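Peer 1: Quick one: sequence and predicted model below, then my questions.
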Amino acid sequence: MINYMQKVKEFRLKNNLSQEQLAKSLGVSRPTYTALESGKQNLSAGEAQKLASLLGITIDELLSGNIANIAKYKHMILTYLRMNLTDKGDNKIPKTKLAKLLYLADFSWYYDHSESMSGMQYRKITYGPVPDIFFRVLDELEEAGKVVIERKSDNGKEIFLISESESNKNEKIQTLSSDELKLMKEIGKKWKNKKTKEIVNFTHNQLPYTLCRPDEIIPYELITQEDPEMVF
């Protein structure tokens, strides 16, 4: 079986979806989908795009077989929002800083365990490493009433402050292990009250960011070459 289709099968079973349901979403017959899932037939470009969209991932993630755990990534976001990371005590985190904290959690976990927490793929962009779907995930959390996004202007620059909604604070974080939560707390403690620019500069100076080209997906393996004190 083709590696990425094995991941698709795991996703389908985990979410109690039938082959017929995915076949309908792709616009193919059930026998055709069965052949795709078993690796006897390759996806067309159009089918790959539809399947990636259905899974909420990029085509690169689909074809690599690295299907991210979006539910867990959302819980990572909520975990950071529940930490008191500012001296104002309002638990509002700038969007860019939040993105970098999530990156540090994923890559720091990989440093010690050879796998990331969420499975997200991070891309090198101007403001640092970030998954392609980071902004969409925030939109989904806002639409679901789980987070509040405050939009402000500072000297003509738009700033987004993220906080958890009051109505969501009883949601249980069940996708993260105690060790994962411990690492995130250590990262949060280090970067508490630090300005966004400081954490941006830190991630920009790490090997994974410096060794990649603009817009390139950053290989997790690069973090293993980093000095221990530079991991987070």
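Peer 2: Nice, thanks for sending it over.
Peer 1: Which strands and helices lie in contact with the worst-scoring helix or strand of the chain on mean pLDDT?
Peer 2: Ranking every helix and strand in the chain by mean pLDDT, DSSP states H and E puts helix 59-64 at the bottom, with a mean of 72. In this structure, helix 59-64 packs against helix 3-14, helix 45-55, with contacts taken as 3 or more Cβ pairs under 8 Å, 6 or more residues apart in numbering; DSSP states H and E. Backbone N, C-alpha and C define where each C-beta goes, glycine included.
Peer 1: Output the contacting helices and strands for the last one.
Peer 2: With contacts taken as 3+ Cβ pairs under 8 Å, 6+ apart, helix 45-55 sits against helix 3-14, helix 19-26, helix 59-64.
Peer 1: got the buried residues for that helix?
Peer 2: Residues of helix 45-55 classed as buried: 47-48, 50-52, 54-55 (neighbour count, 16 or more other Cβ atoms under 10 Å).
Peer 1: Pull the distance from the helix or strand just after the least confident helix or strand of the chain to the chain's centre.
Peer 2: Sequence-wise, the next helix or strand downstream of helix 59-64 (DSSP states H and E) is helix 70-81. Distance of helix 70-81 from the chain centroid (Cα atoms, centre = their mean, to the nearest Å) equals 9 Å.
Peer 1: hang on, I217 packs against M120?
Peer 2: No. The pair I217 and M120 does not pass the contact test of Cβ atoms under 8 Å, sitting 10.4 Å apart.
Peer 1: Which one's more surrounded, those two?
Peer 2: Taking other Cβ atoms under 10 Å, I217 and M120 do not tie; M120 has more neighbours (27 against 18).
Peer 1: what sits against that one?
Peer 2: By Cβ atoms under 8 Å, 6 or more residues apart in numbering, the residues touching M120 are 68, 73, 102, 106, 131, 133.
Peer 1: helices or strands next to the helix or strand that contains the third one in the packing?
Peer 2: Under the criterion DSSP H and E, the helix or strand holding L102 is helix 95-113. Where contact means 3+ Cβ pairs under 8 Å, 6+ apart, helix 95-113 is packed against helix 70-81, strand 122-125, strand 128-131, helix 134-143, strand 157-164, helix 178-191, helix 196-204.
Peer 1: and of these, who's closest to L43?
Peer 2: The closest of the helices and strands packed on helix 95-113 to L43 is helix 70-81. By Cβ to Cβ, the value is 20.8 Å.
Peer 1: Can you name every helix or strand that that closest one contacts?
Peer 2: helix 95-113, helix 134-143, strand 147-154, strand 157-164, helix 178-191.
Peer 1: Go ahead and flag the most central residue of the chain.
Peer 2: With distances taken as Cα atoms, centre = their mean, M120 lies nearest the centre of the chain, 4.3 Å away.
Peer 1: Please report the confidence value the model assigns to that one.
Peer 2: pLDDT, M120: 90.
Peer 1: how much space between L211 and L51?
Peer 2: 31 Å (Cβ to Cβ, to the nearest Å).
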